[in-house]
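[1] coordinates only, sequence not included:
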């Protein structure tokens with residue numbers, strides 16, 4: 001049975017920078033929970049950041065690939081460099097995904113870690129730009145499909161497609177995997 005890596009905040013855990021959660025309410029996610037497919041993970045927490053914490057954004061004009069290559073930083077509004085935490089958290093998410101046989105990741109949109117289609121623009125003005133966070137980028141580089149909370153149906157389709165081609169069966173659920 002293939003697993004789904006899911007942002008902890010989407011599962012109701014209060015791990016976001018502001019101490020809140022952004023739970024996703026979807027029948028497919030609930031089914032995956034019952035089937036024991038969910039691997040709940042917060043790269044920012046696994047990277048050593050506290051809750052609550054200051055917001056952070058990738059520097060203007062840079063992207064996740066630049067951050068992972070050491071050419072750009074992730075900063076707080078006060079200019080504190082938290083890049084190391086985000087990179088460590090991305091690597092932790094990849095290790096967790098590999099250890100659990102994850103095929104698909106369902107991550108929180110816009111985050112400098114988890115954004116899969118857009119991220120904040122680095123100005124702390126609320127503006128967004130097309131791009132992805134460092135965790136989303138690293139997972140994609142290693143063959144894991146990355147989608148956001150508005151793409152659950154697409155995630156379910158991809159998961160079914162992967163399982164139909166790799167022969168993993170879908171046994172009844174065993175609970176929730178966390179890391």
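    Alright, I've got the coordinates. Just so it is clear, the structure is predicted and the values come from calculations on it, not from any experiment.
[2] Wait, residue 8 touches residue 15, no?
    Yes: using CB atoms under 8 Å as the test, residue 8 is close enough to residue 15 to be in contact (4.9 Å). (C-beta placed from N, C-alpha, C; glycine too.)
[3] mind listing the strands for the chain?
    With DSSP state E as the definition, the chain shows strands at residue ranges 3-7, 38-41, 57-58, 74-75, 102-107, 118-120, 128-130, 145-148, 177-178.
[4] so which of these gets nearest residue 20?
    Each of the strands of the chain has some distance to residue 20 by CB to CB; the shortest is strand 3-7, at 12.7 Å.
[5] and residue 125, how many neighbours?
    Using other CB atoms under 10 Å, residue 125 is surrounded by 9 other residues.
[6] Can you tell me, leaving aside adjacent residues, what's nearest to residue 78?
    Once flanking residues are discounted, residue 78 sits nearest to residue 54: 6.8 Å by CB to CB, 6 or more residues apart in numbering.
[7] Quick check, pLDDT for that neighbour.
    Per-residue confidence for residue 54 comes out at a pLDDT of 97.
[8] quick one: contacts for it?
    Contacts here follow CB atoms under 8 Å, 6 or more residues apart in numbering; on that basis residue 54 touches 17, 76-78, 80.
[9] what do you get if the cut-off is 7 Å, keeping everything else the same?
    Residues counted as contacts of residue 54 (CB atoms under 7 Å, 6 or more residues apart in numbering) are 17, 76-78.
[10] same thing with residue 154?
    Contact analysis of residue 154 by CB under 7 Å, 6+ apart lists residue 147.
[11] For the residue nearest to residue 78, give its distance to residue 44.
    Distance, residue 54 to residue 44, by CB to CB, to the nearest Å: 12 Å.
[12] where does the nearest residue to residue 26 once chain neighbours are set aside land on pLDDT?
    Counting by CB to CB, 6+ apart, residue 26 lies nearest to residue 152, which is 4.5 Å off, once chain neighbours are set aside. Residue 152 is assigned 97 on the pLDDT scale.
[13] Kindly report the same for residue 165.
    Per-residue confidence for residue 165 comes out at a pLDDT of 89.
[14] Could you do residue 179 as well?
    The model's pLDDT for residue 179 equals 51.
[15] show me what contacts the residue nearest to residue 26?
    For residue 152, the residues meeting the contact criterion (CB under 7 Å, 6+ apart) are 24, 26, 28-29, 106.
[16] Please list only the buried members of those.
    Neighbour-count burial within the contacts of residue 152 applies to 24, 26, 28-29, 106; the criterion is 16 or more other CB atoms under 10 Å.
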